[in-house]
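Undergrad: return a 3D structure for these sequence lines:
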Amino acid sequence: MHRNFVLISMELISNNAEGEYKNAVHDVRTISHIKELISEGHEITFYTAQGSSTGIDWNNFTIAQLQSWGIENPCIFFWKAKC
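TA: Model prediction:
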């Protein structure tokens with residue numbers, strides 16, 4: 001059965017480096033699980049608040065970061081309300 005999983009925080013897949021996104025280190029186990037779900041045909045949607053409080057546009061960086069962690073063509077929504 002095909003499912004769509006939603007991750008509402010980048011902190012679920014990385015240490016997020018206290019807002020220093022360029023220094024964030026991904027959680028290998030979590031990324032591996034996400035990649036496995038994608039390979040099984042499931043969809044993963046990411047929501048992030050990156051830049052919502054500072055106004056900095058992290059879109060291109062975040063997409064490239066996810067791709068460098070092995071998540072190709074991520075579906076990601078930016079400017080989620082900060083939790």
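Undergrad: quick one: contacts for the nearest residue to Phe77 once chain neighbours are set aside?
TA: Of all residues not flanking Phe77 in the chain, Tyr47 sits nearest, at 4.9 Å (Cβ to Cβ, 6 or more residues apart in numbering). (Each C-beta comes from the backbone N, C-alpha and C, glycine too.) By Cβ atoms under 8 Å, 6 or more residues apart in numbering, the contact set of Tyr47 is Val6, Leu7, Ile8, Ser9, Ile76, Phe77, Lys80.
Undergrad: check the gap between Tyr47 and Met10 for me.
TA: 9 Å (Cβ to Cβ, to the nearest Å).
Undergrad: run through who's touching the helix or strand bottoming out on mean pLDDT in the chain.
TA: Across the helices and strands of the chain, mean pLDDT, DSSP states H and E gives its lowest value to strand 4-7, namely a mean of 82. When contacts are defined by Cβ under 8 Å, 6+ apart, strand 4-7 is touched by residues Ile13, Ile34, Leu37, His42, Glu43, Ile44, Thr45, Phe46, Tyr47.
Undergrad: what do you get for stretch 63-76?
TA: By Cβ under 8 Å, 6+ apart, stretch 63-76 touches 13, 21, 24, 26, 31, 34-35, 38, 43-48, 62.
Undergrad: the helices in this protein, which residues?
TA: Assigned by DSSP state H, the chain shows helices spanning 28-39, 59-68.
Undergrad: output the shortest one as PDB, restricted to C-alpha atoms.
TA: Included here for helix 59-68 are C-alpha records, laid out as PDB according to Å, rounded to 0.1, in the frame of the first residue of the first chain:
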ATOM      1  CA  ASN A  59      15.300  26.900  -0.200                       C
ATOM      2  CA  ASN A  60      18.100  26.100  -2.600                       C
ATOM      3  CA  PHE A  61      20.500  25.200   0.200                       C
ATOM      4  CA  THR A  62      18.000  22.900   1.900                       C
ATOM      5  CA  ILE A  63      17.100  21.100  -1.300                       C
ATOM      6  CA  ALA A  64      20.800  20.600  -2.200                       C
ATOM      7  CA  GLN A  65      21.500  19.400   1.400                       C
ATOM      8  CA  LEU A  66      18.700  16.800   1.200                       C
ATOM      9  CA  GLN A  67      20.100  15.700  -2.100                       C
ATOM     10  CA  SER A  68      23.600  15.400  -0.700                       C
END
